[in-house]
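Undergrad: compute the structure for the input listed below.
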Amino acid sequence: MSTRIALYARVSSDHQAHEGTIDSQVASLRTYCAEHQYRVEEDLIFCDNGVSGTTLARRGLDALRDKAVAGDLDRVVVLCPDRLARKHTHQLLLVEEFHRLGVEIEFTNHVIAQTPEDQLLFHVQGVIAEFEREKILERSRRGKLHRARNGKVSALAQAPYGYVYLRAMNRDETRYEIHPHEAEVVRQIFTWFTEEHLRIEAIARRLTREQIPTRQQHGGWNASVLWNLLRNPAYMGQAAYQKTQVVPRTRVIKSARERGYYPKHVHSSCRPRPVDEWIYIPVPAIVSPNLFQRAQTQLAENKKFAARHRRPQRYLLSGLLHCQRCGYALYGKPSRHKQDPALQPCYYRCKGQDGYRFASGRVCPGRPVRMELLDEVIWRHLTELLQHPKVVLREYAQRVNKQQTHSTLVEALLRKKQKESRQQEGEKQRLLDLYQAGSISLEEIAPRLQDIRTRIKSIEGEVQRLAHERQQQDQHLRLVEHFAVFQQKIGQSLDRLSFEEKRRILQLLVTEVAVDSVQGEITIKHILPIDETLPLHSRGHDPSSVDDLSSPEASTLITQFNAL
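TA: Numbers count the residues shown, from 1 in each chain. Predicted structure coming up:
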């Protein structure tokens, strides 16, 4: 029987993916396999384009690991350890996992042997790669911060609409130049907003209707783009650095669903920083400060009197719905056929059905769904789930058992790292004893102590990450028991809950609901609470269930579960 060989390649940035860097990796791996007479099948080549190596949630890597678990692989060939993972802990986890499954892992630039020296070299390379990455990020951050404080445009990564970002060999000479045509569009937007008091959505439709191109030269104008444009202080001559900060994404967006919920980076979402933390950099102004301030006042007024604050109808599933056809979110919208707002029928409507949002018209063939029908079906299904949780508990218990093997591996690595930490502490103490005894000078002991402290700090970081992972696993193992407690607490009061209490329970137990209004089906993704109090805030993994909306009664509930 021939040896089954798999190749794995990864690049971190979209620029590398666009430039075809990953193709050169695959070509190098193919050449290596040809030199060693390895036969590689096309379906065993796994790639992750533009995905950070600091996370294990990668589509290509997961497919590779699934093949290994299924016993379909004998060897994995990778260019170097940092292509497999950027964190040393992750490298150890993956190497140990492949070895436990009987799969050899082979790096083209380094052979992993079982001798202590080769194992030490592998660990040192992993630690150095991780240290180098963190050092580069820290130097880059401090360098940009220093340039921003000195008013240098090079601290900014790019220019907003209306400007051209002109790079220079000397970073201090990098600058913004006004783009004449785009700047005129910016002035027109501010005028429409402040003088004619047009809504942002109306401005977006007007720009799209007049076929004014966006920066990317495709599609129409979006209201969120204009909202950010109107708030950008660069247009009055003060570009702001450090306006946002990256944080883990808490809500799933359309692009994430299209990638199968695999984030490109560990921190894949941005949140605004307080205005007093912004650092202003002088740039050429497109609008006057007075006009810009009038726009800010108008934005505040619009927010205060926004329709969402005056809407009489409340939507139970708001923020949880998306279209299964096009991936866009569904929003609540009352019908305009009646004069009395209290009597208006309300619908959940997909954004893809709004033709004005897209240059080519509507992109979704779906139709609006009556709010009362969808709310009733989802809530009735949730009450069925809470009153008869045996199916969920049985399925989840089976899946928890499968995690025991991984938990054992994490525990072994944690003990190993703790042992290494004790050894380094002992080495440090021996050096201090020699110094106190006068056997070694301070000049000789100082660099060795610094090296030991660096290694101890690195090991402590790995121990903390492993301990956190073990804590999460222990938390997941208690899900079944806590879900039963949760069910007992609220099971008898479901009929007496207020609207806000129902909303809290939905947000607690449901991550998202996918609606296919063409086929009349919905898909509900659930989560299990792990806290014993109500309302709860912690969330576990998510089995899902599928309901059929083809009839208003929705009498049949078909339950199935996704992989954890």
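Undergrad: pass me the low-pLDDT residue ranges in the stretch 1-150 of the chain, would you?
TA: Across the stretch 1-150 of the chain, the stretches falling below the confidence threshold (pLDDT under 70) are 1, 13-20, 110-115, 117-119, 121-122, 126.
Undergrad: what ranges does it have for its strands?
TA: Shown for the stretch 1-150 of the chain, the strands assigned by DSSP state E, counting those that start in this stretch span residues 5-10, 40-48, 75-78, 104-107.
Undergrad: tell me the secondary structure of the residue of the chain positioned farthest from its centre, please.
TA: What lies farthest from the middle of the chain is Gly438; by Cα atoms, centre = their mean that is 55.2 Å. Look at Gly438: counting by DSSP: H, G, I helix; E, B strand; the rest coil, its state is coil.
Undergrad: per-residue confidence for it?
TA: We have a pLDDT of 74 for Gly438.
Undergrad: again with Val186
TA: 94.
Undergrad: pretty sure it is touching Leu291, no?
TA: No. Val186 is beyond contact range of Leu291, at 10.6 Å (criterion: Cβ atoms under 8 Å). (Each C-beta comes from the backbone N, C-alpha and C, glycine too.)
Undergrad: between those two, tell me which one has more neighbours.
TA: Neighbours were counted for Val186 and for Leu291 using other Cβ atoms under 10 Å; Val186 has more, 21 against 17.
Undergrad: quick one, what contacts the more buried one?
TA: Contact partners of Val186, counting by Cβ atoms under 8 Å, 6 or more residues apart in numbering, are Tyr161, Gly162, Leu229, Tyr235, Ile286, Val287.
Undergrad: may I have the distance across stretch 434-450, first residue to last?
TA: Stretch 434-450 has an end-to-end distance of 16 Å (criterion: Cα to Cα, to the nearest Å).
Undergrad: could you check how far that stretch is from the centre of its chain?
TA: 47 Å (Cα atoms, centre = their mean, to the nearest Å).
Undergrad: list the contacts of it.
TA: The contact list for stretch 434-450, computed with Cβ under 8 Å, 6+ apart, reads Lys428, Leu431, Leu432.
Undergrad: tell me, how many residues neighbour the first one?
TA: Spelled out, that is Lys428. Using other Cβ under 10 Å as the criterion, Lys428 is surrounded by 18 other residues.
Undergrad: just give the closest residue to it, not the sequence neighbours.
TA: Leaving aside its chain neighbours, Lys428 sits nearest to Ile452 (4.8 Å; criterion: Cβ to Cβ, 6 or more residues apart in numbering).
Undergrad: and Tyr32, how far is that from Val11?
TA: Here Tyr32 is placed at a distance of 18 Å from Val11 (Cβ to Cβ, to the nearest Å).
Undergrad: more neighbours, those two?
TA: Set side by side, Tyr32 and Val11 give different neighbour counts by other Cβ under 10 Å, the larger being at Val11 (23 against 18).
Undergrad: contact partners for that one?
TA: Remark: with contacts taken as Cβ under 8 Å, 6+ apart, Val11 is in contact with Ala17, Thr21, Ile22, Gln25, Asp48, Asn49, Gly50, Val51.
Undergrad: quick check: Cys326 touching Cys350?
TA: Yes. Taking contacts as Cβ under 8 Å, Cys326 lies within contact range of Cys350: 6.6 Å.
Undergrad: so for these two, which residues contact both of them?
TA: Overlap of the contact sets of Cys326 and Cys350 (by Cβ under 8 Å, 6+ apart) consists of Cys364, Gly366.
Undergrad: can you give the domain ranges for the protein?
TA: Under the assignment automatic domain parsing, the domains of the chain span 5-132, 154-243+278-304, 402-480.
Undergrad: can you put those in TSV and add distance to Lys144?
TA: Listed next are the domains of the chain as TSV, based on distance: least, Cβ to Cβ, whole Å:
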stretch	distance to Lys144
domain 5-132	17
domain 154-243+278-304	5
domain 402-480	24
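Undergrad: Gly143: which of those domains is closest?
TA: domain 154-243+278-304 (8.3 Å; Cβ to Cβ).
Undergrad: can you get me the start-to-end distance on that closest one?
TA: End-to-end distance of domain 154-243+278-304: 37 Å, with Cα to Cα as the criterion.
Undergrad: just to revisit the earlier point, need the contacts of stretch 434-450 in TSV (columns: distance to Leu79 and pLDDT).
TA: Converted to TSV, the contacts of stretch 434-450 look like this (distance: Cβ to Cβ, whole Å; pLDDT from 0 to 100):
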residue	distance to Leu79	pLDDT
Lys428	36	77
Leu431	38	75
Leu432	42	77
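Undergrad: need these in TSV (columns: secondary structure and distance to Ser318).
TA: Compiled in TSV, the contacts of stretch 434-450 are given as follows (DSSP: H, G, I helix; E, B strand; the rest coil; distance: Cβ to Cβ, whole Å):
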residue	secondary structure	distance to Ser318
Lys428	helix	57
Leu431	helix	62
Leu432	helix	62
